[in-house]
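A.B. asks: Give me the fold of what follows.
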Amino acid sequence: MPGNSDTNITIADALTLLLHNQHALGAAIEEITAWISGAGADIVADNAVAALETLDTNATAITNAIMRLRQC
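C.D. replies: Below you'll find the predicted structure:
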């Protein structure tokens, strides 16, 4: 089904862009976390690390979905 393949490519491309955004946000949070930790706000830094873990988990799921879409 050509339409389905085109749709999968479009969705995979959009997810790829979102994944790139997610990686950029993760990098920014890492930088801010290092700065916050250096300022002695360890509880806030710990919360930021938890947010990074969520981003990593979700990035894995998004990557898997992209790979499945691109195989169809």
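A.B. asks: Quick one: name whatever helix or strand follows the helix or strand harbouring Asp6.
C.D. replies: Per DSSP states H and E, Asp6 falls inside helix 2-38. Later in the chain than helix 2-38, the nearest helix or strand by DSSP H and E is helix 42-71.
A.B. asks: That following helix relative to helix 2-38, how many degrees between them?
C.D. replies: Computed by axes from the mean of the first three to the mean of the last three Cα atoms, to 10 degrees, the angle separating helix 42-71 from helix 2-38 equals 160 degrees.
A.B. asks: I'd like the distance from helix 42-71 to the chain centre, please.
C.D. replies: Offset of helix 42-71 from its chain centre (Cα atoms, centre = their mean, to the nearest Å): 5 Å.
A.B. asks: Would you indicate which residues of it are buried?
C.D. replies: Neighbour-count burial for helix 42-71 flags 45, 48, 52, 55, 66, 69 (criterion: 16 or more other Cβ atoms under 10 Å). Quick note: C-beta positions are derived from backbone N, CA and C, even for glycine.
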